[in-house]
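1. Coordinates for the following, if possible.
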Amino acid sequence: TIAGMPCWQFALLAMSLLSALVGLLVSVFVSEPQHKTNADERSMQTILREEAPTLMRIFCIPTFIVIIGQGIFGTAPWFAFSYMTSWLELNCFSNKQAATIKAFFNGGTAIAGL
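-> Okay, here's the model as predicted:
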């Protein structure tokens with residue numbers, strides 16, 4: 001426990017507070033420049049109608065379809081890995097062992113990405 005809370009609750013609270021702090025700091029210190037250009041008065045329907053031929057031409061490229069398909073099916077297992085620590089803890093590993101396994105997995109993933 002940390003500060004009288006279970007570790008997972010403390011981690012969730014800490015991440016929530018840090019996220020809120022970053023959002024607050026961005027809203028205070030970052031200013032978005034105002035664009036003083038001629039406003040595009042086209043409606044969304046008009047834009048879609050004008051851009052549809054270009055979009056269809058892109059979707060007819062076989063390589064593009066393969067890349068999109070690989071992306072869809074290639075990301076699914078990574079969503080399952082987000083539950084790996086819980087799965088390890090439920091399958092007879094201690095919190096420390098599960099965290100160590102997950103840390104080495106993340107380290108290996110980072111090295112493999114180089």
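2. lowest-pLDDT helix or strand in this structure?
-> Least confident helix or strand, the chain: helix 62-81 with a mean of 84, by mean pLDDT, DSSP states H and E.
3. Tell me how many other residues crowd Thr100.
-> 13 (other CB atoms under 10 Å). C-betas here are computed from N, CA, C, even on glycine.
4. Give the residue spans of this protein that score low on pLDDT.
-> 35-40 (pLDDT under 70).
5. any idea where the helices of it begin and end?
-> 7-29, 44-59, 62-81, 84-90, 95-112 (DSSP state H).
6. So which residues make contact with the shortest one?
-> Contacts to helix 84-90, defined as CB atoms under 8 Å, 6 or more residues apart in numbering, come from residues 95, 97-99, 101-102, 105.
7. In the residues you listed, which residue is surrounded by the most others?
-> Highest neighbour count within the contacts of helix 84-90, by other CB under 10 Å: Ala98, with 19 neighbours.
8. now do the same end-to-end measure for stretch 86-101.
-> 12 Å (CA to CA, to the nearest Å).
9. List the contacts of the residue nearest to the spatial centre of the chain.
-> Residue closest to the average C-alpha location in the chain (CA atoms, centre = their mean): Phe79, at 10.3 Å. Applying CB under 8 Å, 6+ apart to Phe79 gives no contacts.
10. Quick one: neighbours of Cys92, just the number.
-> By the criterion of other CB under 10 Å, Cys92 has 8 neighbours.
11. just the contacts of helix 84-90 now: which is nearest Ile47?
-> Phe105 (43.9 Å; CB to CB).
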